[in-house]
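Participant: starting from these lines, generate the structure:
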Amino acid sequence: MGKYVDIPDDTGTYNRWLIVGRSDEPQFVKYNILKCNWVLKWIIDGEIHECLGVLRSRNSYNSGLWNDYLLSTPENQDSIWLPTNPDTQTVAYNMRFLISDNQINPIAWEVSKIEDLNPQGVIKITMKQDLYDPK
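Facilitator: Numbers count the residues shown, from 1 in each chain. Okay, the predicted model is just below:
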C-alpha cells in the first residue's frame with residue numbers, strides 16, 4: 001500500500017496511480033488504485049515538502065456554509081490521500097493549505113482529521129474549508 005504505479009492510457013501516455021487497497025482473495029489478489037491528481041506542498045521549519053497524492057471530494061449534505069444566529073462560517077470538507085513517508089508524516093492537525101484552481105481568491109483548507117492505519121502505507125487527510133487570509 002502507498003506505492004506508486006505508472007500505467008499507460010489509451011494514447012500511450014503514462015499516468016501515475018497510488019495503490020490504496022488490496023483484496024484478500026487467495027487465488028487472484030486484486031489491488032485498488034487511484035489516479036494521482038494533485039501535488040500537495042507545505043513548509044515545515046523553512047523546508048518545503050511536497051508529495052503527489054489523490055485529491056478526493058467528500059460527500060456532504062450541506063450547502064458548504066453554516067449559518068448561526070450571528071455568524072456564517074464555511075462548512076465544506078475535502079480529503080487527500082498520500083503515501084506514508086517521512087515527508088507526509090510531518091502533516092499535522094490545524095495545518096492550512098491553499099488547494100484551489102482560483103489564483104485570485106484561493107480556497108483555504110485546515111487539516112481536521114488524519115487517518116494513517118487503514119490501510120497501512122496510506123495517509124488519509126480530511127480538511128475543512130477555512131477562510132482565506134492573503135497574509
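
Participant: use CA for all of it now, contacts and neighbours both
Facilitator: Will do.

Participant: mind showing which ranges of the protein have poor pLDDT?
Facilitator: 59-75 (pLDDT under 70).

Participant: which residues touch the spatially most central residue of the chain?
Facilitator: Nearest to the geometric centre of the chain sits I80, at 1.0 Å (Cα atoms, centre = their mean). Neighbour list for I80: G53, V54, L55, R56, K124, I125, T126 [criterion: Cα atoms under 8 Å, 6 or more residues apart in numbering].

Participant: show me which of those residues are buried.
Facilitator: Among the contacts of I80, those scoring as buried are G53, V54, L55, R56, K124, I125, T126 (criterion: 16 or more other Cα atoms under 10 Å).

Participant: tell me what the fifth one is bridged to.
Facilitator: Read that as K124. W81, E115 (DSSP bridges).

Participant: please report phi then psi for Q27.
Facilitator: phi -80, psi -40 (degrees, to the nearest 10).
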